[in-house]
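1. My questions are about this predicted structure, shown below with the sequence.
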Amino acid sequence: MCQIFAGQNPEDYEPVTRRMRINGLSTSIRLERSFWDILDVIAAGEGISTPAFVSKLHSEVLELRGEAKNFTSLLRCACIVFTREQARPQALIAAE
């Protein structure tokens, strides 16, 4: 089992920094490449760019919860939520 996890391509967990504007402010966000890949997929599914998605998410979090203490962790967890939601229909089919 550990080979699945230990045998990952190192490029997948390489940290990547992207500069973008979030609600008009220029900033840098550093995430592992795999998380950026998932955020790119989410944004494409919404029909917007990744920076636009990140900015929109940030605005919605501010509105719902106030300032996110660790926005990069929130982005990682958003990727996990997306991955879980993608796996859910397949798990239901497998259970039948």
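-> That came through, no problem. Numbers count the residues shown, from 1 in each chain.
2. residues contacting residue 48?
-> Residues in contact with residue 48, defined by Cβ atoms under 8 Å, 6 or more residues apart in numbering, are residue 56. (C-beta placed from N, C-alpha, C; glycine too.)
3. Show me the strands in this protein, by range?
-> With DSSP state E as the criterion, the chain has strands at 15-22, 25-32.
4. and the first one with strand 25-32, angle?
-> So the one you mean is strand 15-22. Relative orientation of strand 15-22 versus strand 25-32 (axes from the mean of the first three to the mean of the last three Cα atoms, to 10 degrees): 150 degrees.
5. Could you count how many residues lie near the closest residue in space to residue 43 that isn't next to it in sequence?
-> The shortest distance from residue 43 to any non-neighbouring residue, by Cβ to Cβ, 6 or more residues apart in numbering, is to residue 53 (3.7 Å). Residues lying near residue 53 (other Cβ atoms under 10 Å) number 20.
6. hang on, isn't residue 53 packed against residue 39?
-> Yes: counting by Cβ atoms under 8 Å, residue 53 touches residue 39, with 6.7 Å between them.
7. Check this protein for its longest helix and report it.
-> Ranked by residue count, the top helix of the chain under DSSP state H comes out as helix 71-95.
8. Enumerate the positions of that helix that are buried.
-> 71, 75, 76, 78, 79 (16 or more other Cβ atoms under 10 Å).
9. Can you lay out the strands of the chain as TSV showing distance to residue 57 and mean neighbour count?
-> Conversion of the strands of the chain to TSV gives the following (distance: least, Cβ to Cβ, whole Å; neighbours: other Cβ atoms under 10 Å):
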stretch	distance to residue 57	mean neighbour count
strand 15-22	9	12
strand 25-32	11	13
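10. Could you export those as a markdown table, including mean pLDDT and distance to residue 89?
-> Compiled in a markdown table, the strands of the chain are given as follows (pLDDT from 0 to 100; distance: least, Cβ to Cβ, whole Å):
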| stretch | mean pLDDT | distance to residue 89 |
| --- | --- | --- |
| strand 15-22 | 96 | 30 |
| strand 25-32 | 97 | 26 |
